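Asks: please find the sequence and the predicted model below.
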Amino acid sequence: MARPVPIALAATACAVLVLSAGCGTTHENAGQAPNAGTNTKCKGPNGHYVIGMSQANVAEPYRQRMNDDIRNAAASVPQFEVKFADAAQDNAKQVSDVENYLTQQIDLLIISPNESTPLTGVVKKAYDKGIPVVVLDRKVDGDAYTTFIGADNTDIGRQAGTFIAQKLLPNGGKVVELKGLPGSTPAQERDAGFQQAIAGKNIQVVATGVGDWLRDKGQQQMDAILKAQPQIDVVYSENDPMAEGAYLAAKSVGRENSIRFTGIDGLPIPSGGIKAVEDGRLTATFVYPTGGKEAVEAAKKLLIDCQQVPKKQTLPTQLVTKDNAEAVYRAANGG
């Protein structure tokens, strides 16, 4: 245990470090609860820290990979103990999961919200208690959190739309869009970016379906769309599992060769989007990093190093096509 710091010395330290995560509040926290945004949990390298990870669901391969990345990164930090909770796409359960973590007096919360608005209140509650909050992949409303880590989903949607407009349908054509969970920010932003990119390009979105990020729901949506739409040139899916589901639906009626399928996630696993591109089921995908490693790095800075972290950390993306799929997969797995 560290020896107590004399009061006068502690006051001087806080005066010097008034903008740090360990002392006081900044102007961003004006009007909030007394401990809002104040990291009271840092005990340095001699501490033991319990981290609660609240996951939206583990039915999506992307989310299971995110948990695995967090688990693997935390394994190299002996001071960390990480607990995981699966909300199973249930907002009320995720709120309850976080409330349970607060009862357990966790030292830091990592959360990937199922939907933004329903989870905003409980995230703010944790933040106001002085618990550092790392929001991962999906956003909450407002700014009552310590850091957000994720890719720029509007830009990814824009890049996907640009690829379809320039490379797949330079003369225009008909597109089906498969959307993720409507209340989640990636679904909203990937749609917005896509619509921006195809505007004025003679591309018609002839049908949309909501697959909630899941392959079986994507397949069900595409089954119905195929019956209603005799001509479909491209499927723009907001993630790879829904794109794979759409491919399976098209294959079941013999139309898989007349439609091109694009996705997002690009997981470097045998069942992921990169291999689907390499094998020819998808024409393209975009790498969407899980942020698991970066979340643990942020936790280490906050809890062990007593340092600040940026309010927003934007992760890079990459277009994956048949031309580079093998190399991207190999590089992602250390090859």
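Replies: That came in fine, so what should we check first?
Asks: mind listing the helices for the protein?
Replies: Assigned by DSSP state H, the helices in the chain fall at 7-16, 61-74, 91-103, 116-128, 153-163, 185-198, 215-228, 240-252, 273-278, 292-303, 325-332.
Asks: least confident of those helices, on average?
Replies: Ranked by mean pLDDT, the helices of the chain bottom out at helix 7-16, with a mean of 36.
Asks: what residue lies at the spatial centre of the chain?
Replies: Asp137 (2.1 Å; C-alpha atoms, centre = their mean).
Asks: my guess is it contacts Gly291. True?
Replies: Yes: under the criterion of C-beta atoms under 8 Å, Asp137 makes contact with Gly291 at 6.0 Å. (Each C-beta comes from the backbone N, C-alpha and C, glycine too.)
Asks: please name the nearest non-neighbouring residue to Asp265.
Replies: In space, not counting the residues next to it along the chain, Asp265 is nearest to Asp240; the distance is 4.4 Å by C-beta to C-beta, 6 or more residues apart in numbering.
Asks: tell me how many other residues surround the one you found.
Replies: 33 (other C-beta atoms under 10 Å).
Asks: how about it, what does it touch?
Replies: Counting by C-beta atoms under 8 Å, 6 or more residues apart in numbering, Asp240 touches Tyr62, Gly263, Ile264, Asp265, Gly266, Leu267, Gly272, Gly273, Ala276, Leu282, Thr285.
Asks: tell me how far it lies from Tyr247.
Replies: Using C-beta to C-beta, to the nearest Å, we find Asp240 at a distance of 10 Å from Tyr247.
Asks: does Val176 touch Ala228 like I think?
Replies: No: under the contact definition of C-beta under 8 Å, Val176 does not touch Ala228, with a separation of 10.2 Å.
Asks: who's more crowded, the two?
Replies: The neighbour count for Val176 versus Ala228, taken as other C-beta under 10 Å, is higher for Val176 (24 against 8).
Asks: return the distance of that one relative to Ala187.
Replies: For Val176, the distance to Ala187 - C-beta to C-beta - is 15 Å.
Asks: and if you look at Thr147?
Replies: Thr147 is 22 Å from Ala187, by C-beta to C-beta.
Asks: on that earlier part again, any residues in contact with both of Asp137 and Gly291?
Replies: Common contact partners of Asp137 and Gly291 (C-beta under 8 Å, 6+ apart): Met66, Ile149, Gly150.
Asks: which of the residues you listed sits closest to Pro45?
Replies: Ile149 (22.9 Å; C-beta to C-beta).
Asks: relative to Ala199, how far out is that closest one?
Replies: 30 Å.
Asks: more neighbours: those two, which one.
Replies: A direct count of neighbours by other C-beta under 10 Å for Ile149 and Ala199 places Ile149 higher, at 25 against 10.
Asks: touching, the more buried one and Gly291? I think so.
Replies: Yes: counting by C-beta under 8 Å, Ile149 touches Gly291, with 4.3 Å between them.
Asks: mutual contacts of the two, please.
Replies: Common neighbours of Ile149 and Gly291 (criterion: C-beta under 8 Å, 6+ apart): Leu136, Asp137, Gln313, Leu315.
Asks: burial check on Gly334, number of neighbours?
Replies: Gly334 - counted by other C-beta under 10 Å - has 6 other residues nearby.
Asks: wait, what's in contact with the residue nearest to the centre of the chain?
Replies: By C-beta under 8 Å, 6+ apart, the contact set of Asp137 is Met66, Ser112, Ile149, Gly150, Pro186, Thr290, Gly291.
Asks: Produce a ChimeraX select command limited to the buried residues of these.
Replies: Buried subset of the contacts of Asp137, written as a ChimeraX selection, criterion 16 or more other C-beta atoms under 10 Å:
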select :66,112,149,150,186,290,291
